[in-house]
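Novice: model this:
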Amino acid sequence: MSSGYSHSEAFDAGFLSVGSIHQLHYEQYGRKDGKPVVFLHGGPGGSTSRANTVFFNPNVYRVVLFDQRGSGKSLPAADLRENTSQHLAHDIEELREHLNIDRWHMVFGGSWGSTLALLYAQTYPEAVGSLVLRGIFTIRKSELDFTIGPVGAASLYPEQYEEFVNFLPAEEKHNIFASYHKRLTADDKQVQLEASRAWK
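Specialist: Modelled structure (predicted):
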């Protein structure tokens, strides 16, 4: 079984200003004149790297990677202002226009990126040639419960789950989302950093 495709360094990289606050970091790989594909990372709050190009033949595709608002190398880091799903979908369209791409040959989304891909395709159907969705995560209650509840992922990875939950003080373990949210959006950058490390 193949381990995927290897790509050379990015042939283009830069930042695109979107809205009044954010700058998206993007990179392009593969053929400059190839079939354009955009890779949508998970999270929300994930990031991209050259490793994400493994799915795409560099002799066929022009691969566009970008870090969503507040994520990865995009600026400002971890900023939730003007950062909604609708903003993120519109950013994909702005990036397409900025890169002079008439239409995406493929919008490829994994995990949270699959949800964003669906939203983008519904909002801008004329800009999407095809969709590839993998590891679909639509943020339903059942999916969230599986991810951070005491059954589901906790049963599969008990040691990691214990570490994840025990980061929080005992009085805050009853509402993991709210407790982490409070720390991830704290004014103290050190508190944010420690919580983001524990969240991963």
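Novice: Pop the domain breakdown of the chain in here.
Specialist: 1-139, 141-200 (automatic domain parsing).
Novice: hey, which of the ones you listed is tucked in deepest?
Specialist: Each of the domains of the chain was assessed for mean neighbour count using mean count of other Cβ atoms under 10 Å. The highest is domain 1-139, with a mean of 17. Glycine gets a C-beta too; all of them are placed from N, C-alpha and C.
Novice: Helix or strand: which one has Leu133?
Specialist: strand 131-134 (DSSP states H and E).
Novice: Alpha carbons only: can I get that strand in CSV?
Specialist: Listed in CSV are the C-alpha atoms of strand 131-134, where the atom choice follows Å, rounded to 0.1, in the frame of the first residue of the first chain:
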residue,chain,number,x,y,z
LEU,A,131,-15.8,17.4,-2.7
VAL,A,132,-13.7,14.9,-0.8
LEU,A,133,-14.8,14.5,2.8
ARG,A,134,-13.0,12.3,5.2
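Novice: Give me the next element, helix or strand, following that strand.
Specialist: Using DSSP H and E, the helix or strand that follows strand 131-134 in sequence is helix 141-148.
Novice: Return the mean pLDDT over that following helix, rounded to an integer.
Specialist: Computed over helix 141-148, the mean pLDDT rounds to 87.
Novice: what sits up against the strand holding Leu133?
Specialist: The set of residues that contact strand 131-134 without belonging to it, under Cβ atoms under 8 Å, 6 or more residues apart in numbering, is 106-110, 114, 117-118, 121.
Novice: how about 7 Å then?
Specialist: Contacts to strand 131-134, defined as Cβ atoms under 7 Å, 6 or more residues apart in numbering, come from residues 106-110, 114, 117, 121.
Novice: and it, which strands flank it?
Specialist: Strand 131-134 pairs in its sheet with strand 106-110 (parallel), by DSSP bridges.
Novice: I would like the residues contacting the strand it pairs with, please.
Specialist: Taking Cβ under 7 Å, 6+ apart as the criterion, the residues outside strand 106-110 that touch it are 37-40, 42, 55, 116-117, 120-121, 128-135.
Novice: Where do the helices of the chain begin and end?
Specialist: Shown for the chain, the helices assigned by DSSP state H span residues 85-98, 112-123, 141-148, 153-156, 158-166, 176-184, 189-199.
Novice: could these be laid out in TSV, adding distance to Gly46?
Specialist: TSV is the format used below for these (distance: least, Cβ to Cβ, whole Å):
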stretch	distance to Gly46
helix 85-98	12
helix 112-123	7
helix 141-148	14
helix 153-156	17
helix 158-166	17
helix 176-184	14
helix 189-199	11
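Novice: Go through those helices and name the closest to Phe11.
Specialist: With Cβ to Cβ, the closest approach to Phe11 among these belongs to helix 85-98: 15.6 Å.
Novice: which of the contacts of strand 131-134 sit farthest apart?
Specialist: Gly110 and Ala121 (14.9 Å).
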